[in-house]
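>>> Quick one, structure for this:
(chains A, B, C and D)
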Number of protein chains: 2
Amino acid sequence: MKRKPETSSTAQARAITKEDVARAAGVSHITVSRVINTPEKVSPETRTKVESFIASMGYIPNLLAGGLASRRTRIVAAIVPTISHSIFAETVRGLSEELSRHGYQLLLGQTGYSEDAETALVEAFIGRRVDGLVLTGVQHTARTRQRLKAAGIPVVETWDLTKRPIDMLAGFDNHDAGRAMGDYLYGKGYRRMAFVGGEDPRGMARFAGMREALLAHGAAEPVHLKVPMGSFLHAGRESVARLLDHHAEVDAAFFSNDVIAAGAAMECARRGVAVPGRIALAGFANLEIAPEVLPALTTVQISAHQIGLTAADMLLARFSGRAVEQPVCDLGYSILEREST
Amino acid sequence: MKRKPETSSTAQARAITKEDVARAAGVSHITVSRVINTPEKVSPETRTKVESFIASMGYIPNLLAGGLASRRTRIVAAIVPTISHSIFAETVRGLSEELSRHGYQLLLGQTGYSEDAETALVEAFIGRRVDGLVLTGVQHTARTRQRLKAAGIPVVETWDLTKRPIDMLAGFDNHDAGRAMGDYLYGKGYRRMAFVGGEDPRGMARFAGMREALLAHGAAEPVHLKVPMGSFLHAGRESVARLLDHHAEVDAAFFSNDVIAAGAAMECARRGVAVPGRIALAGFANLEIAPEVLPALTTVQISAHQIGLTAADMLLARFSGRAVEQPVCDLGYSILEREST
DNA sequence: TTGAAAGCGCTAACAG
DNA sequence: CTGTTAGCGCTTTCAA
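Numbering: from 1, shown residues only, chains lettered A, B, ... in the order given. The predicted structure follows:
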């Protein structure tokens, strides 16, 4: 039990351990452990004494060691395409708040919309022995699915629906949501539609749904404009410019998210193009910017925050051994009409 | 060395260990360890053989155990006020990208601008034995500073400057930046200024700098409007409305960040108020929205992304035992003139 | 180039 | 209510 001399290049001062506190307080280290984890199982005097030593010595338990011994890290990992854009921020916020309320911490990973990056992150997080994992979308590499199955940790897929979830699911039907917007725009009298979005699976599903609705109504094949990663606002401005200049027949555009749509609205304002007079604009997700931009955006309201909350609650139920009453949860969507259509 | 029967309520399948791989490959577990960590120290045949077993068995090393034994987790924690807003997103992105390039992962914490929350996060992260820590701002509780000193881990403070950093620093002078904007606006002929921002220390410093500049020029005391947390766009709209309605003399407003300023621009557009004719608007940070909104925002350009990159490089240098050539790094700022002033 | 022994700091299970 | 014993899975000497 002798301490070796300090040699590590990180030069981290030898941290105080439970042993040190126990010695100082004249108890065994397991008692210190109990004071921290199950204080009700320790006599009040002992507890008070130990607690005062913990405080005065500035003892911080090594969660690495604790996690190794107990096989629970109290860490949940979330993997999102990106946090730079606000689309997933609400979900992450809901997740993070609910988890931290229950003593869990959130480890965040970004894929940049790459499935291989997701696989790498999943492996890294399994290596960290996270207690649970939240994934964005339902499309994953075979390797990801297999790793997750093998690890046997609770998983929640989000932001979409599927017949064959890996484990649990909290999302909504992107295809249906797209169709609903198609129906809505057609119902408002628009006939030549465009869809502007990235090539992520959920955006594609929304496009497919919208297209289906339009064709069912006998409307023309919608124009499909792809936007690059990067600045959504800028992409929105560029794409609406393209629409205005090269697809003059288009009278309504549905954007993959509100930020792109807001960019489009800004470009229209710049050009003095009337919205919705010359072209109607609809967004997706009801982000912060949707009601603020001029004109306020019609959008598809989804519960991004609720997705995070639900995912957290599902995991928390699993952790505590409770049965998850609804392991597959469709949170729905609704059309929110504002000024832009 | 006998396995206990599976009882854990997490029901995590017994994970494959180095032992299992070693046994299968007919080597000792330490050889497996070498194949993973220092492959050049293993003979090519052994390496190939072990690697194939690692792959086929789907072995994922337990980083908890590794971290415990090696005293390095390859995790860096970053603490920001919030990730929901885009202000710190660029910094986090720079940090995350640079770190992951070098095999480190990022653990993210949000304080909601509360110093006590920061302290709690610092303690939690120290408990996780992160290799390094990135903090936002230079104002921290005594307890935070003391914990950090005691833990002896590398720390980078960001987004501000101070004479007495905890350890390393990558930021810019908020007071000076505010003064520069004050000078600029005064130089453009504006005389009745307002500052709109939150009550975070950096925003306050910018206000103080601006005020100092104005008073030095003999201009009037600036109006100071506080915005609540929450929606910045909305706060911007509300505050400019207040300015327009109750401080009609104000001819220029400086906002704590571009998102608030953009909200203000949107409200002006809604009201048909001329910018900068009736009121000039200036933002801060040169966020994505600044050049896109109508009118494009004059702002203070700072290198949010560079802050993250620099912080990462400082930590990386420390980790590898290299000396950090510039432990205190002033990244500067500059006025970026656009249409809104 | 490979292996054996000895922990890292903690918790689980059992005993007292 | 408190302590003892035995690992958790890995890396670090040190030895072969």
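>>> So which residues on the stretch 201-341 of chain A come close to chain B?
Contact residues (CB under 8 Å from any CB of the partner chain) of the stretch 201-341 of chain A with chain B: A:231-234, A:237, A:263, A:266, A:269-270, A:288-289, A:292-294, A:318-319, A:321. Backbone N, C-alpha and C define where each C-beta goes, glycine included.
>>> Those in helices, which ones?
Among these, the subset assigned to helices under DSSP state H consists of A:232-234, A:237, A:263, A:266, A:269-270, A:318-319.
>>> can you redo the residues you listed as a markdown table with neighbour count and distance to B:Ala120?
As requested, these are exported to a markdown table (neighbours: other CB atoms under 10 Å in any protein chain shown; distance: CB to CB, whole Å):
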| residue | neighbour count | distance to B:Ala120 |
| --- | --- | --- |
| A:Phe232 | 27 | 34 |
| A:Leu233 | 27 | 35 |
| A:His234 | 18 | 38 |
| A:Arg237 | 23 | 42 |
| A:Gly263 | 29 | 38 |
| A:Met266 | 26 | 40 |
| A:Ala269 | 18 | 44 |
| A:Arg270 | 15 | 46 |
| A:Arg318 | 23 | 25 |
| A:Phe319 | 18 | 21 |
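>>> As TSV, the residues you listed with pLDDT and distance to DNA strand C would be great.
Formatted as TSV, those follow (pLDDT from 0 to 100; distance: CB to the nearest atom of the strand, whole Å):
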residue	pLDDT	distance to DNA strand C
A:Phe232	92	44
A:Leu233	96	47
A:His234	96	49
A:Arg237	97	54
A:Gly263	98	50
A:Met266	97	53
A:Ala269	96	58
A:Arg270	96	59
A:Arg318	95	16
A:Phe319	94	13
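>>> need the residues of the stretch 51-200 of chain A near DNA strand D, please.
Selection of the stretch 51-200 of chain A residues close to DNA strand D by CB under 7 Å from any atom of the strand yields A:65, A:68-69, A:71.
>>> Which one (most neighbours) among those residues?
When neighbours are taken as other CB atoms under 10 Å in any protein chain shown, the top entry among those is A:Leu68 (18 neighbours).
>>> right, is the one helix or strand that one maps to up against chain B?
A:Leu68 is part of helix A:63-70 when elements are defined by DSSP states H and E. Yes - residues of helix A:63-70 contacting chain B under CB under 8 Å from any CB: A:63-65, A:67-68.
>>> tell me, which of those residues make contact with DNA strand C?
A:65, A:68.
>>> Show the overlap between the residues of the stretch 201-341 of chain A next to chain B and what lies near DNA strand D.
Within those, nothing lies near DNA strand D by CB under 7 Å from any atom of the strand.
>>> picking that back up, list just the nearest of the residues of the stretch 51-200 of chain A next to DNA strand D to B:Val27.
Using CB to CB, A:Leu68 comes nearest to B:Val27 of those, at 23.6 Å.
>>> got a list of what that closest one touches?
By CB atoms under 8 Å, 6 or more residues apart in numbering or on different chains, A:Leu68 lies in contact with B:62, B:64-65, B:68.
>>> what's the answer for A:Gly283, then?
By CB under 8 Å, 6+ apart, the contact list for A:Gly283 reads A:255, A:257-262, A:290, A:297-300, A:340.
>>> Next, please give the residue ranges for the helices of chain A.
Taking DSSP H as the test, the helices found in chain A are A:18-25, A:29-37, A:44-57, A:63-70, A:89-101, A:115-127, A:142-151, A:174-187, A:201-216, A:232-246, A:258-271, A:304-319.
>>> Packed most tightly, which of these would that be?
Comparing the helices of chain A by mean neighbour count (mean count of other CB atoms under 10 Å in any protein chain shown), helix A:258-271 ranks first with a mean of 26.
>>> What helices and strands are in contact with that helix?
Contact here means 3 or more CB pairs under 8 Å, 6 or more residues apart in numbering or on different chains; DSSP states H and E; on that basis helix A:258-271 packs against strand A:193-197, helix A:232-246, strand A:252-255, strand A:280-282.
>>> The ones you listed into TSV, with extra columns for distance to B:Pro327?
As requested, the helices and strands packed on helix A:258-271 are exported to TSV (distance: least, CB to CB, whole Å):
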stretch	distance to B:Pro327
strand A:193-197	45
helix A:232-246	36
strand A:252-255	46
strand A:280-282	49
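>>> A:Thr31 is nearest to which of those?
helix A:232-246 (55.3 Å).
>>> contact partners of that closest one?
Outside helix A:232-246, the residues touching it (CB under 8 Å, 6+ apart) are A:85, A:194, A:196, A:223, A:225, A:227-228, A:250, A:253, A:255, A:257, A:259-268, A:270-271, A:273, A:278-279, A:281, B:288-289, B:292.
>>> ok so, going back, of the helices and strands packed on helix A:258-271, which approaches B:Asp183 most closely?
Comparison of these against B:Asp183 by CB to CB identifies helix A:232-246 as nearest, at 29.6 Å.
>>> centre of the chain versus that closest one, how much separation?
Here helix A:232-246 is found 27 Å from its chain centre; the criterion is CA atoms, centre = their mean, to the nearest Å.
>>> How is chain A divided into domains?
Chain A is divided into the following domains under automatic domain parsing: A:18-61, A:73-172+A:304-332, A:174-302.
>>> Where does the prediction get shaky in chain A?
A:1-13 (pLDDT under 70).
>>> Contact residues of it facing DNA strand C?
Near DNA strand C, when you scan chain A using CB under 7 Å from any atom of the strand, you find A:1-4, A:14-15, A:17-19, A:29-30, A:33, A:36-37, A:61-62, A:65-66, A:68-70, A:72.
>>> 10 Å instead?
Proximity of chain A to DNA strand C, by CB under 10 Å from any atom of the strand, involves residues A:1-4, A:12, A:14-22, A:28-38, A:41, A:59-72.
>>> Report the contact partners of A:Ala264.
Applying CB under 8 Å, 6+ apart, the residues contacting A:Ala264 are A:196, A:236-237, A:239-240, A:253, A:255, A:281.
>>> out of those, who's nearest chain B?
Taking CB to the nearest CB as the measure, chain B sits nearest to A:Arg237 out of the contacts of A:Ala264, at 6.4 Å.
>>> Could you measure from that closest one over to B:Gly197?
Distance, A:Arg237 to B:Gly197, using CB to CB, to the nearest Å: 28 Å.
>>> Verify the stated contact: A:Ile83 with A:Arg93.
No - counting by CB atoms under 8 Å, A:Ile83 sits too far from A:Arg93 to count as a contact (10.5 Å).
>>> Overlap in contacts, those two.
B:Ile83.
>>> State the number of residues packed around A:Pro327.
16.
>>> give the contact list for it.
By CB under 8 Å, 6+ apart, the contact set of A:Pro327 is A:165, A:167-169, A:314.
>>> Which of the helices and strands packed on helix A:258-271 sits closest to B:Gly127?
Closest to B:Gly127 of the helices and strands packed on helix A:258-271 is helix A:232-246 (CB to CB; 37.3 Å).
>>> Only the C-alpha atoms, please, for the closest one, written as CSV.
Output of helix A:232-246 as CSV, limited to C-alpha atoms (Å, rounded to 0.1, in the frame of the first residue of the first chain):
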residue,chain,number,x,y,z
PHE,A,232,-28.1,27.1,-43.2
LEU,A,233,-29.1,30.8,-43.5
HIS,A,234,-26.8,31.3,-46.4
ALA,A,235,-28.1,28.1,-48.0
GLY,A,236,-31.6,29.4,-47.7
ARG,A,237,-30.7,32.7,-49.3
GLU,A,238,-29.0,30.9,-52.2
SER,A,239,-31.7,28.4,-52.8
VAL,A,240,-34.5,30.8,-52.9
ALA,A,241,-32.5,33.0,-55.3
ARG,A,242,-32.1,30.0,-57.5
LEU,A,243,-35.8,29.3,-57.3
LEU,A,244,-36.7,32.9,-58.1
ASP,A,245,-34.3,33.1,-61.0
HIS,A,246,-34.5,29.7,-62.5
